[in-house]
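Undergrad: need a structure here:
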Amino acid sequence: MKRGKKVFAAILVMVLMLSMGMTASATEQVQEGTEQEAAGNADTELSEEERLQQELDAVYALPVESNNIKGWPQGPGTYGEAAIVMEVETGSILYAKNIDVHHFPASITKVLTTLIALENGQFTDPVYFSHDCVAFLQPDEASIGMKEGNQISLEQALYATLLASANEAAYAVGDNVGKNAGHDYNWFVEQMNLRCQELGGANSNFVNTSGLHDPNHYTCARDMALISREMFRHPEFFTIAQTYEYKIPQSETTEEHIFQQHHKMMDSNDENYYEYVIGGKTGYTSDALSTLITMADNGSMQLVCVVLKTHGKNVYPDTKNLLEYCFTNFSKVAAADYETSEDIQAIGDVQAVASEGVQGVQGVETAAEAAAGTAEGAPETAEGAAGAAEGEPGAAAGTAGASGDGSGAAPDGSVTDDGSGGTADNSSGFVILPNGVEFKDLELEIIPDSDVSSEGTLEYRYSGNLMGSVRAVLSPSYLEKRAAKPESEAVEKDSPEKVKEKEKKVIGKDLLKDKTLLEKGILAAASVVLVILIITFVVLLVKGQRRRHK
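TA: Next comes the predicted model:
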């Protein structure tokens, strides 16, 4: 009987402790609510102008992830909630601010629409405007006034889509290209999502060809940069994008339509004009705010800049600041000019090396030759290489070799990985050097094509971030070392059981991560109740056994 009283007393103590904990939790919640209410009252006291400035300051103060890389040139803040600058040929990301966070793209969606159209259609294909192509339009939405029954060419429809941002033209492009491929508009939208994923995009979902607001239509800065980079394979895109004014002439099937370029950085008469800009696309909705894609070429580097959810009238100043920052603080150099590793026999066109041998193959250098070239005065730092390349800015032709193929999102811990995984198709022969960083400071990883192949890819990284990748022929000495490597040095892979065990530990470790105070209180209360129930069950079980013995 005494033991029963003790157990009962213990249960009462536990219940009392649980009640005190829940009371404390409720008190904290009330205090938090009071503080939030006070903050809300303070906001109402601000004027509209002060409130907007406070909002701008908060967005500008958002962290720039690339600024946290040791030795990386410090980039400017932006009034956009996300921004990225990617070098086209290497895929290196030079500036990163919230690049994987979901945002609404608005009309920059039409760059992807154009990509799918160029890959699946011909300029001369007819584009017929059905009822569906025009029925959805609202009076305040961008349009050139196409009507049901009109017919133009795919080329004309793409001019309307990119220059005038005409939503009915974008719908008609998807509808007609889809039908010409034996499918429909929905198939075209599916291709948009698939193509984005093929390019390395992992944080996007597109549900229309125009970018008109839909809560399920979203993207991120990284994905839009990968899509924009792929456009460098299509010079016809730049022909359209660099046109200031375009006319669709009157015909038997449509009336005349004239429209102009919307990207102000390409208008030499506009205060936002920037001489190195060669293409881009504007976007705006009340939910997305201002979005902008801008391609630039200063003759040494080609850049893609994407800014999302820009507050106020800052989309063009922000973009110019980012482009200037990258052109000033980074340079592109040929890896063959600096690589001296004995593990590498030659850098360049490995197919040419395989068929003709290393000696005498144009454009391919041995590591020793590359070292000699460096010794003769080739600049090694980014500052020295900044003015090495020559060329006319604004030329889109000849850029089709830039690759955008990829598989999957960026590896964890690599802020500026382009998401393409550094595959052979992504190898350009060049690497990017930040100011103050020398080629010898880069981390080299040799990735053989197979266990028996003498060819492979060289990946160059700085603080874990991909700066470029190169195709190479591996030296006989490297191949011998690899063949002679003891099995004991081979990386031991975890068995499926060990993997599951590790996952369980991680799950247990992160159980309370990101939980609110109320959720933590509920979990604690549930744990206490479970303990009480177990104790009660044990006590009853012991009592029952004693009774049976009696």
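Undergrad: Tell me where this structure is predicted with low confidence.
TA: 1-44, 349-426, 486-526, 542, 544-550 (pLDDT under 70).
Undergrad: Report how many residues lie close to Gly182.
TA: Gly182 has 7 neighbouring residues, counting by other CB atoms under 10 Å. Using the backbone N, CA and C atoms, a C-beta is placed for each residue, glycine as well.
Undergrad: what about it, helix or strand, and which?
TA: For Gly182, there is no host helix or strand (DSSP states H and E).
Undergrad: now swap in Val307 and tell me
TA: strand 302-310.
Undergrad: for that strand, packing partners?
TA: If you count contacts as 3 or more CB pairs under 8 Å, 6 or more residues apart in numbering; DSSP states H and E, strand 302-310 packs onto strand 80-87, helix 221-230, strand 289-297, helix 315-329.
Undergrad: For Arg51, find the nearest of these.
TA: For Arg51, the closest of the helices and strands packed on strand 302-310 is strand 289-297, at 15.8 Å, according to CB to CB.
Undergrad: which one of the helices and strands packed on strand 302-310 lies closest to Thr114?
TA: helix 221-230 (9.8 Å).
Undergrad: ok, residues contacting the closest one?
TA: Taking contacts as CB atoms under 8 Å, 6 or more residues apart in numbering, the residues outside helix 221-230 that touch it are 82-86, 88, 91, 93, 97-101, 103, 105, 108, 111-112, 115, 195-196, 199-204, 293, 295, 304, 306-308, 402, 404, 406, 410, 418-420.
Undergrad: now the angle from it to strand 302-310?
TA: Comparing the axes of helix 221-230 and strand 302-310 via axes from the mean of the first three to the mean of the last three CA atoms, to 10 degrees yields an angle of 140 degrees.
Undergrad: next SSE after helix 221-230?
TA: helix 235-241.
Undergrad: list the buried ones in that next one?
TA: Phe237, Phe238, Ile240, Ala241 (16 or more other CB atoms under 10 Å).
Undergrad: May I ask which two of the residues you listed are separated the most?
TA: Between any two of the buried residues of helix 235-241 (CB to CB), the greatest distance is 7.3 Å, for Phe238 and Ile240.
Undergrad: surely Ile69 meets Asn465?
TA: Yes. Contact status for Ile69 versus Asn465: in contact at 6.5 Å, counting by CB atoms under 8 Å.
Undergrad: So between these two, which is more surrounded?
TA: Ranked by neighbour count (other CB under 10 Å), Ile69 and Asn465 place Asn465 first, with 25 against 18.
Undergrad: gap between the more buried one and Gly200?
TA: To Gly200, Asn465 is 15 Å away according to CB to CB, to the nearest Å.
Undergrad: before we move on, what about Thr124?
TA: Thr124 is 32 Å from Gly200, by CB to CB.
Undergrad: of those two, who's got more company?
TA: Under the criterion of other CB under 10 Å, the comparison of Thr124 against Gly200 puts Gly200 first, with 28 against 8.
Undergrad: what's near enough to touch Gly121?
TA: Per CB under 8 Å, 6+ apart, neighbours of Gly121: Leu154, Asn176, Val177, Asn180.
Undergrad: what's the neighbour count on the last one?
TA: By other CB under 10 Å, 16 other residues sit near Asn180.
Undergrad: wait, what's in contact with it?
TA: Asn120, Gly121, Asp125.
Undergrad: For the stretch 1-150 of the chain, which segments count as strands?
TA: With DSSP state E, counting those that start in this stretch as the criterion, the stretch 1-150 of the chain has strands at 80-87, 93-97, 126-128.
Undergrad: could you dump those to TSV with distance to Leu322 and mean neighbour count?
TA: Shown next, in TSV, are those (distance: least, CB to CB, whole Å; neighbours: other CB atoms under 10 Å):
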stretch	distance to Leu322	mean neighbour count
strand 80-87	5	27
strand 93-97	6	27
strand 126-128	35	17
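Undergrad: closest one to Thr457 among the ones you listed?
TA: strand 80-87 (17.8 Å).
Undergrad: Partner strands of the closest one, with direction?
TA: Sheet pairing for strand 80-87, assigned by DSSP bridges, gives strand 93-97 (antiparallel), strand 302-310 (antiparallel).
Undergrad: Could I get these in a markdown table, plus columns for distance to Tyr274?
TA: A markdown table is the format used below for those (distance: least, CB to CB, whole Å):
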| stretch | distance to Tyr274 |
| --- | --- |
| strand 93-97 | 16 |
| strand 302-310 | 10 |
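Undergrad: Nearest to Glu459 among those would be which one?
TA: strand 93-97 (14.6 Å).
Undergrad: which other residues reach the closest one?
TA: Outside strand 93-97, the residues touching it (CB under 8 Å, 6+ apart) are 62-66, 75, 78, 80, 82-87, 99, 221-222, 225, 303, 322, 325-326, 329-330, 415-418, 432, 434, 465.
Undergrad: what about 6 Å?
TA: For strand 93-97, contacts defined as CB atoms under 6 Å, 6 or more residues apart in numbering pick out 64-66, 75, 82-86, 322, 326, 330, 415-416, 418.
Undergrad: And for stretch 466-481?
TA: Contacts for stretch 466-481 (CB under 6 Å, 6+ apart): 90, 92, 335, 343-347, 350, 353, 417, 422, 426-427, 429-432, 454-460.
Undergrad: Any idea how far apart the tips of that stretch sit?
TA: 26 Å (CA to CA, to the nearest Å).
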